[in-house]
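Participant: kindly generate the corresponding structure for this input.
(4 chains)
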Number of protein chains: 2
Amino acid sequence: MAARAGGQGGKQPTINDVAAMAGVSKKTVSRVINRSEFISDKTRKSVQQAIETLGFVPNPQARALAFRRNFLIALLHDNPNAQTVLNFQQGVLDAIKDSDLALLVRPVDRGSDKLLDDVRLFLEKQRPIGAMLLPPISENDDLAKICEDLGVRYVRVGSAPLDDARHCVSSNDREVVAEAVGKLIALGHRRIGFVRGPAGFRSAAEREEGFRAALAAAGLSLPDELYAPGNYRYTAGVEAGEAMLSLEEPPTAVFVSNDEMAAGVMSVAHGKGLSVPADLSIIGFDDSPTATHIWPALSTVRWPIREMGSRAARTLVADFLGSGAKAADDENPVMPSTFIERQSVAPPRG
Amino acid sequence: MAARAGGQGGKQPTINDVAAMAGVSKKTVSRVINRSEFISDKTRKSVQQAIETLGFVPNPQARALAFRRNFLIALLHDNPNAQTVLNFQQGVLDAIKDSDLALLVRPVDRGSDKLLDDVRLFLEKQRPIGAMLLPPISENDDLAKICEDLGVRYVRVGSAPLDDARHCVSSNDREVVAEAVGKLIALGHRRIGFVRGPAGFRSAAEREEGFRAALAAAGLSLPDELYAPGNYRYTAGVEAGEAMLSLEEPPTAVFVSNDEMAAGVMSVAHGKGLSVPADLSIIGFDDSPTATHIWPALSTVRWPIREMGSRAARTLVADFLGSGAKAADDENPVMPSTFIERQSVAPPRG
DNA sequence: CTTGCTTTTGACACCGGTGTCTTTTAGGAC
DNA sequence: GTCCTAAAAGACACCGGTGTCAAAAGCAAG
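Facilitator: Okay, here's the model as predicted:
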């Protein structure tokens, strides 16, 4: 009973059915499907008519076999953060929902020494038309090279340009961080702490550079005790907060490299009876849901990850469809991050 | 240059290469790949040897075409919450990472009147071996029926059993909520507010029933002003909090149907200068990252979504592999949620 | 050494499309 | 009307596997 229900005979119509109905060869139908230009309008119309009538949908597996390419986009990530991945996914799906592409998700383990082999095998098997690399694995040049070798288009997502425009979508973390920190300085803050992201992450480095640039521009320095390492996790924020807020002369403001760690710093402040923002101003990064869920709502930098997802997908699709589609080159691959002011920033006391 | 790099001749070995090397027919190789039992040990070994030597990996597209089935698992969801979806994904991936299945993600729009057609078309095209339905769309019986019709195995995920054990993985929200609320009562709370999830969500109904059961067991009633509708979003929590905490006689504790809304209620409390938990105890649901990011850390019910993902995937795989694999039936399809005590609960004042 | 099974293996068509190359058709020039 | 060329359509192999059914091989019994 199962799998045999439905229309006439219970099977999907195939290209042969369409060909028979339109009175042409299957190759001609194939040409219509693939929008070949060597076809007369008359034939095209009658074939389209038949396709319509039968409700024909080309079988993707067969096409994949013949094309030696699957109509899929692969998303490779090492889950830096659930929200980031899902927002990105959402952006990708926004972009491909009207194409007949589907999204294949593949988490990988950047720590594994089999990383490269895993990815290569995965791409060889699935043969997607394109792959998207999320940070931090987007920073791995070997992965990009594998894609190149395998003829899989790819786009790398990062906090700063990682590759040429065809292969990269990035944000401008550095500038925006500098801008945000500039505002703290303008408010009168002089002792400003910094909590860094994990070593080896380009985003962490970019944010640090933005931070330092802002200090430098104002002639301020960053004492060692106001600099904390971190790993983008809540607990690192807690540790950094505990260290800095126990100082004899604690900072009046902190820039924290992501929202999750910022939440950790804020918890410590609350725990010590400090008022945010009156006693301590905090700025985070990402504009994750956490930023608005905590109290007071966190001033942060909105990272346009969903838009980057759409953009990355459009780049792949345009590239795949060839010159016909609007080339991606005329779009700027740098998507602006923006500083969002909420309630966690105020002038320093006194 | 691209796509032609690599080993000898630059192409993947095919089943024919293996057959030639082992001196058998391709059908025999196919039998080895598919673990057919009608094969002599001697032949099997020599074929496996050849497969090994050549590094042969069967082409999934070709198999999909011949099998009329893709080696994919589809995840259908209507993004109830990013964290939920991603955790579930993670669970699925834990379970399938050693099989040669891949995960296809498909968000759908439950509001759309084309929902059923969309899903049907998607499944007809992709022909995954199985599909997983996340709440709230898992509650839609028509979707399950479509899977059934198309011969796609499916698993529905929910807050209570939605289907028979082969087709469902669920948690026991009701009991655990009752348990959690029971603890509030045991601490001495008598005026306990409730913030509900969206209408039409089974999880919302289950949690409400658990809540009411706990009150009933203690002989307490739920006055109208302590009952707030909600939609699982932060802002709904804020609204509910504003309404309840402006009452002349505000509740001393609230059970909120998810963490995100609980964060909203907590913000309002902070804004009104109320201390949590001294003035107001709050319990949430989900154990999302938000629960630990806010201050004070939220007591909540941990919803085992990742485990449910693994379990759902294992059910599909076992079903697919047939009787050979451990049948799913001997596992209990109800995964226990657990109450987690953190800092947002205390006895009522005075 | 046959005979009669059962177990293994192979030949060949087929899944549903696309690539290549050939043939047919359509048009324009003469 | 004939010839030539470009555009359109078709024939057929092929992508890399699996299903079906027939043939070959293995083996116990006669």
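Participant: measure the residue in the stretch 101-250 of chain A positioned nearest to chain B to A:G130 for me?
Facilitator: The nearest approach of the stretch 101-250 of chain A to chain B comes at A:G151, 3.0 Å away (Cβ to the nearest Cβ). Any C-beta I mention is one placed from the backbone N, CA and C, and that applies to glycine too. When Cβ to Cβ, to the nearest Å is applied, the distance between A:G151 and A:G130 equals 10 Å.
Participant: comparing the two, which residue is more hemmed in?
Facilitator: Under the criterion of other Cβ atoms under 10 Å in any protein chain shown, the comparison of A:G151 against A:G130 puts A:G130 first, with 22 against 16.
Participant: quickly run through the sheet partners of the helix or strand hosting that one, with directions.
Facilitator: Using DSSP states H and E, A:G130 sits within strand A:128-133. Sheet partners assigned to strand A:128-133 using DSSP bridges are listed as strand A:70-77 (parallel), strand A:153-158 (parallel).
Participant: backbone dihedrals for A:L103, both of them.
Facilitator: For A:L103, the backbone dihedrals (degrees, to the nearest 10) come out as phi -110, psi 130.
Participant: relative to A:L162, how far out is the closest residue to DNA strand C within the stretch 151-300 of chain A?
Facilitator: Sorted by distance to DNA strand C under Cβ to the nearest atom of the strand, the residues of the stretch 151-300 of chain A start with A:G151, at 13.5 Å. Relative to A:L162, A:G151 is positioned 20 Å away (criterion: Cβ to Cβ).
Participant: any low-confidence regions in chain A?
Facilitator: For chain A, residues meeting the criterion pLDDT under 70 lie at A:1-10, A:80, A:322-331.
Participant: can you list the domains in it?
Facilitator: In the assignment given by automatic domain parsing, the structural domains of chain A cover A:15-56, A:66-171+A:305-336, A:173-303.
Participant: do you know which of these lies nearest B:T300?
Facilitator: Of all those, it is domain A:173-303 that lies closest to B:T300, at 12.9 Å by Cβ to Cβ.
Participant: buried residues in stretch A:52-62, which are they?
Facilitator: When neighbours are counted by 16 or more other Cβ atoms under 10 Å in any protein chain shown, the buried residues of stretch A:52-62 are found to be A:54, A:56, A:58-61.
Participant: can you redo these as JSON lines with secondary structure?
Facilitator: Compiled in JSON lines, the buried residues of stretch A:52-62 are given as follows (DSSP: H, G, I helix; E, B strand; the rest coil):
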{"residue": "A:L54", "secondary structure": "helix"}
{"residue": "A:F56", "secondary structure": "coil"}
{"residue": "A:P58", "secondary structure": "coil"}
{"residue": "A:N59", "secondary structure": "coil"}
{"residue": "A:P60", "secondary structure": "helix"}
{"residue": "A:Q61", "secondary structure": "helix"}
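Participant: among these, which ones lie close to chain B?
Facilitator: Checking the buried residues of stretch A:52-62 against chain B by Cβ under 8 Å from any Cβ of the partner chain, the ones in range are A:59-61.
Participant: so how far is the strand or helix carrying A:F255 off the chain centroid?
Facilitator: Assigned by DSSP H and E, A:F255 belongs to strand A:253-256. Taking the mean of its C-alpha atoms, strand A:253-256 sits 25 Å from the chain's own mean (Cα atoms, centre = their mean, to the nearest Å).
Participant: which elements pack onto the helix or strand just after that strand?
Facilitator: Read in the C-terminal direction, the helix or strand following strand A:253-256 is helix A:259-271, with elements assigned using DSSP H and E. Applying 3 or more Cβ pairs under 8 Å, 6 or more residues apart in numbering or on different chains; DSSP states H and E, one finds that helix A:259-271 contacts strand A:192-195, helix A:234-245, strand A:253-256, strand A:281-283, helix A:289-293, helix B:289-293.
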